[in-house]
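Undergrad: Below: sequence and its predicted model.
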Amino acid sequence: MIAYLDALPRADATEHPILIVGRLGKAHGIRGWQYLQSFTSPPENLFDYRPWHLQHKTQPHWFLLETVEWREYREGFLVRLPKISAPESARDMIGTHIGVSKAALGEAQEDEYFWHELIGCTVVNQQGIQLGRIEQLFETGAHPVMVIEGGEKSHLIPFTRAFALTVDLPKKEVQVNWMEEWT
């Protein structure tokens with residue numbers, strides 16, 4: 001199955017902050033297809049966020065992408081950009097970031113959070129000790145993990161109900177069930 005994304009009406013890429021939601025990978029085949037690395041969960045959600053903006057690894061600017069052709073392939077996805085019809089052209093696009101405006105994400109469901117909202121939040125345990133700030137999150141397969149930097153040590157804390165007790169986005173604070181001496 002091949003699907004096409006048609007972009008929404010053209011918008012200025014600087015109108016809203018752009019969030020990186022994927023990256024183009026290596027070329028596949030002879031017709032300009034390439035692998036797609038999605039940073040969304042689940043990965044196919046990437047196709048729900050439109051329009052896409054591209055930032056080539058050698059350029060500081062974002063460019064609006066009108067359409068993109070995509071298909072499922074094995075356990076992932078392949079994409080073919082407009083005017084890319086050869087593997088040499090696709091190879092030039094390896095590492096290109098795919099971004100969407102924050103507005104394209106919509107609102108998170110109750111008790112769900114976009115990772116970009118959590119990054120930078122202060123993490124405090126139940127004893128009131130500040131453990132640091134969330135620098136990044138990553139998926140392990142079982143659950144997301146927060147990378148907390150600050151203080152004397154780093155912490156890797158699962159982002160699950162058992163450990164992330166409360167999230168106060170306006171206050172930019174996450175309260176956790178985690179002892180300071182744990183790593």
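TA: Nice, I can see it. Numbering: from 1, shown residues only.

Undergrad: R133 and V124 touch, don't they?
TA: No - judged on C-beta atoms under 8 Å, R133 makes no contact with V124 at a distance of 10.7 Å. Bear in mind the C-beta positions are built from the backbone N, C-alpha and C, glycine included.

Undergrad: Domain ranges for this protein, per the record?
TA: Domain assignment of the chain by automatic domain parsing yields the ranges 2-105, 115-176.

Undergrad: Need those domains in TSV (columns: distance to T183).
TA: Putting the domains of the chain into TSV (distance: least, C-beta to C-beta, whole Å) gives the following:
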stretch	distance to T183
domain 2-105	25
domain 115-176	6
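
Undergrad: Surely H143 touches L156?
TA: No - H143 is beyond contact range of L156, at 11.4 Å (criterion: C-beta under 8 Å).

Undergrad: Just the buried residues of the strand or helix carrying F138, please?
TA: Assigned by DSSP states H and E, F138 belongs to strand 130-139. By neighbour count on 16 or more other C-beta atoms under 10 Å, the buried set for strand 130-139 is 131-134, 137.

Undergrad: Just give me the closest of those residues to K57.
TA: K57 lies nearest to L137 out of the buried residues of strand 130-139, by C-beta to C-beta, at 23.2 Å.

Undergrad: what pairs with the closest one across the strands?
TA: Note on L137: beta-bridge partners by DSSP bridges are M146.

Undergrad: pLDDT score assigned to it?
TA: As predicted, L137 sits at a pLDDT of 90.
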